[in-house]
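Novice: Coordinates for the following, if possible.
(chains A and B)
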Amino acid sequence: MTTPPVIDLIDLRFAWQDGPTLLDIPEFRVDTGERVFLRGPSGSGKSTLLGLIAGVLEPQSGKVEVLGHDMTALSGPKRDALRADRLGVIFQMFNLVPYLSLVQNVTLPCRFSSSRREAAGGDSKLNDEAVRLLSRLGLSGDRLLARPVTELSVGQQQRVAVARALIGGPDLIIADEPTSALDADARDRFIELLNEEAGRSGSALLFVSHDASLAGHFDRSVDLSEINRAKGGV
Amino acid sequence: MGFSILGLAWRSLMNRRGSALLTILAVALSVALFLGVDKVRNGARAGFDNTISGTDLIVGAPTGQINLLLYSVFRLGSATAEIRWDTYEDIAGRDDVAWTIPLSLGDNHRGFRVVGTNESYFEHYKHGGGTALRLADGAQFSDIYEAVIGADVAEELDYSIGSELVLTHGLGAGGLTDHEDKPFVVTGVLAKTGTPVDRSIHIPLEGVTAIHVGWESGTRSPFADTISEEMIRGFDLTPKSITAVFVGLEQRGTLLRTQRALNTQGGEPLLAIIPGVALGELWQVTGIVERALIAVSVFVIAVGLVSVLTSILTSLNERRREMAILRATGARPGHIFFLMVAEAAMLGFCGAIAGVLLVQLGLLIAGPILSSAYGISIGGLGISAVDGWTVLAVSGAATLIGTIPAVMALRRSLADGLTVKL
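Specialist: Modelled structure (predicted):
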């Protein structure tokens, strides 16, 4: 029995309310454990595509299958549950909730998903797991962990976001331009870390950026304009 | 573990504690106003209700029944007319009357009212649900020039057994018409009652007559000084008139009949009132004002709740990112909704609790002042069911109001998706 692809898009169409068609994707898939780089200029609909895959947005037509579930057929709460249980998300910047500590930010997904909580070791081991992930990403020491997240550097914040995406070993990690605020050096190290940790937990990775030079870090590179027939975007 | 959504709401609120505290303060003040009005109202009623007990009828010269009640029991205002001594004797002699307390009012000592009465006062006057007066020190008066003072009089004027006091004619706070020639000696100090008795000076009826010898015209006669104490003692000091009579009946069943008989009897016209009924009429009058005050304070609470709404709504924009992060990490719309509602509920609850505490603090400070100003101790001021219901109602209303920003945040976070917009 073959495992279903992590992401499988078929004849996907999407437009913002009364705007032109932004996305028209006949086919796109990501397999289990695959690390895919999706490139596209800003405004080309990358973030929108991620919203569709994460189940926060709904397409006008077509099929979005994530981890074997047809997102368009699932109810809103079921999509939310799937996202909470099996997806990790990293934003471009400002990933952290300002009033939570480093560890609390990392364990945030476990607040909303019990299966994620169990996968991360259950209530008793949750904090340890967060601390372990953070230290693997180079964030360790009581002093650092006690600092308000707003005082961390952007690079540190992004690594906390990676730890949060990784906790509980989700099947798919979506990263939306997570390196755009980092300098070249930090960027390469960040991507290596992300790749390494995603590989360790067996998570597939969909990494989106406008910067084509990053493509070399991934198993496969896809240009959004290659798979998107719509010309509505810039 | 602190892993609940409630914990999240609390932390979020603490992150904005400045504006949160102001909102809580607004709610607290509005709740305090409402509870303060309610407590003072109930406390004043309880205090008044506790002032007289066991007295079936109060009889005086015809006037309004509230007026008679106020000047005879609460020593507020003054009598416009008196009743003759022989009329009093007729009342006391009735078959259905068990006891009477004659009262002669109109003099004062340094702002404290003087009550001319007899030993029956100490035996039959009851307050606070049937408690008799008790002497804290000394004994009842047994001579014309002796006085028994209330607890507040002793405390405020620093009087004790053996102190001499000079009575003033009329109700002014001391002045030109002192009866300096006839000082009284304190023989007893009453225990604290929380009623106007604490602020009264009790002397024998004969004493009242005695200090007015030589004052029959209302001013001091030139011959007053020539009258010695021995001469006065030789006079018939039975008063010619008194101000009011407290009446206790043989059987309470005859109350209405006796009242009617006194009100309609031939001879001197009289007014007999039932204290409870007169109090009821008093509360009817004050009730209109009370209801107006309550209505105003309810509106003030509404304003407090609107400030909860305002503070949450203004925070919504700056929290858009927070909501998007929560959504991305798996928060369901229900979580976002609950987060908002929980925040409103917390603001309402904390504000209401703070309001309750504020009232308690205020009463702790203001209670003694009210008590000394009016001689009525405001009872029943502790935490009561009303406080509980108010906290519940305000929290409930705040929760309900919280659904407005909750729905807005929900719509926004659904529209924003995972894209964090600035």
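Novice: how about residue 193, phi and psi?
Specialist: Unless you meant another one, I'm taking chain A. As for A:Leu193, its main-chain torsions (degrees, to the nearest 10) stand at phi -60, psi -50.
Novice: The intended chain is chain B.
Specialist: Dihedral angles for B:Thr193 - degrees, to the nearest 10 - are phi -120, psi -20.
Novice: dump the residue contacts of it.
Specialist: B:127-128, B:131, B:133, B:150-151 (CB atoms under 8 Å, 6 or more residues apart in numbering or on different chains). For every residue, glycine as well, the C-beta is placed using N, CA and C.
Novice: Going by distance to B:Ala393, which of those residues wins?
Specialist: Using CB to CB, B:Gly128 comes nearest to B:Ala393 of those, at 32.0 Å.
Novice: mean confidence score for stretch A:114-133?
Specialist: Averaged over stretch A:114-133, pLDDT sits at 83.
Novice: follow-up on the earlier one: narrow the contacts of B:Thr193 to those in strands?
Specialist: B:127, B:131 (DSSP state E).
Novice: What strand or helix carries the spatially most central residue of chain B?
Specialist: Against the mean C-alpha coordinate of chain B, by CA atoms, centre = their mean, the closest residue is B:Ala44 at 2.6 Å. Using DSSP states H and E, B:Ala44 sits within helix B:17-51.
Novice: Extract the C-alpha set from the helix or strand that that helix is followed by and format it as PDB.
Specialist: Using DSSP H and E, the next helix or strand after helix B:17-51 towards the C-terminus is strand B:57-60. Extracted in PDB, the C-alpha atoms of strand B:57-60 (Å, rounded to 0.1, in the frame of the first residue of the first chain):
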ATOM      1  CA  LEU B  57     -47.800  53.400  69.700                       C
ATOM      2  CA  ILE B  58     -46.300  56.800  69.800                       C
ATOM      3  CA  VAL B  59     -48.600  59.600  70.900                       C
ATOM      4  CA  GLY B  60     -48.000  63.300  70.400                       C
END
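Novice: picking that back up, quick one: list the elements packing against the helix holding B:Ala44.
Specialist: helix B:275-318, helix B:333-374, helix B:385-416 (3 or more CB pairs under 8 Å, 6 or more residues apart in numbering or on different chains; DSSP states H and E).
Novice: which of those sits most buried?
Specialist: Highest mean neighbour count among the helices and strands packed on helix B:17-51 (mean count of other CB atoms under 10 Å in any protein chain shown): helix B:333-374, with a mean of 19.
Novice: Please state the offset of it from the chain centre?
Specialist: Its chain's average C-alpha position is 23 Å from that of helix B:333-374, according to CA atoms, centre = their mean, to the nearest Å.
Novice: Per-residue pLDDT of the residue in the stretch 301-422 of chain B that chain A sits nearest to, please?
Specialist: Relative to chain A, the nearest point of the stretch 301-422 of chain B is B:Gly330 (2.5 Å; CB to the nearest CB). The pLDDT attached to B:Gly330 in the predicted structure is 78.
Novice: same thing with B:Gly214?
Specialist: 62.
Novice: All the strands of chain A, in order from the start?
Specialist: Using DSSP E, strands in chain A cover A:7-14, A:23-30, A:35-39, A:61-66, A:69-70, A:87-90, A:172-176, A:204-209, A:220-223.
Novice: Using a markdown table, lay out those together with mean neighbour count, mean pLDDT and distance to B:Val208.
Specialist: Formatted as a markdown table, the strands of chain A follow (neighbours: other CB atoms under 10 Å in any protein chain shown; pLDDT from 0 to 100; distance: least, CB to CB, whole Å):
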| stretch | mean neighbour count | mean pLDDT | distance to B:Val208 |
| --- | --- | --- | --- |
| strand A:7-14 | 19 | 84 | 100 |
| strand A:23-30 | 19 | 84 | 103 |
| strand A:35-39 | 22 | 88 | 105 |
| strand A:61-66 | 19 | 84 | 100 |
| strand A:69-70 | 14 | 84 | 99 |
| strand A:87-90 | 27 | 85 | 92 |
| strand A:172-176 | 26 | 87 | 96 |
| strand A:204-209 | 24 | 88 | 101 |
| strand A:220-223 | 15 | 86 | 110 |
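Novice: As CSV, those with distance to chain B would be great.
Specialist: Formatted as CSV, the strands of chain A follow (distance: least, CB to the nearest CB, whole Å):
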stretch, distance to chain B
strand A:7-14, 11
strand A:23-30, 13
strand A:35-39, 15
strand A:61-66, 14
strand A:69-70, 15
strand A:87-90, 4
strand A:172-176, 7
strand A:204-209, 11
strand A:220-223, 19
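Novice: Could I get these in a markdown table, plus columns for distance to B:Gln360?
Specialist: Converted to a markdown table, the strands of chain A look like this (distance: least, CB to CB, whole Å):
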| stretch | distance to B:Gln360 |
| --- | --- |
| strand A:7-14 | 60 |
| strand A:23-30 | 63 |
| strand A:35-39 | 63 |
| strand A:61-66 | 57 |
| strand A:69-70 | 57 |
| strand A:87-90 | 49 |
| strand A:172-176 | 54 |
| strand A:204-209 | 59 |
| strand A:220-223 | 68 |
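Novice: how about the ones you listed, which one is nearest B:Thr390?
Specialist: strand A:87-90 (44.2 Å).
Novice: can you put the helices and strands packed on helix B:17-51 in CSV and add mean pLDDT?
Specialist: Formatted as CSV, the helices and strands packed on helix B:17-51 follow (pLDDT from 0 to 100):
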stretch, mean pLDDT
helix B:275-318, 88
helix B:333-374, 85
helix B:385-416, 86
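Novice: Kindly reformat those as a markdown table containing distance to B:Asn263.
Specialist: Output for those, formatted as a markdown table (distance: least, CB to CB, whole Å):
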| stretch | distance to B:Asn263 |
| --- | --- |
| helix B:275-318 | 13 |
| helix B:333-374 | 30 |
| helix B:385-416 | 39 |
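Novice: With distance to chain A added, can I get those helices in a markdown table?
Specialist: Shown next, in a markdown table, are these (distance: least, CB to the nearest CB, whole Å):
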| stretch | distance to chain A |
| --- | --- |
| helix B:275-318 | 10 |
| helix B:333-374 | 6 |
| helix B:385-416 | 8 |
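Novice: For the helix holding B:Ala44, buried residues please.
Specialist: B:19-21, B:23-51 (16 or more other CB atoms under 10 Å in any protein chain shown).
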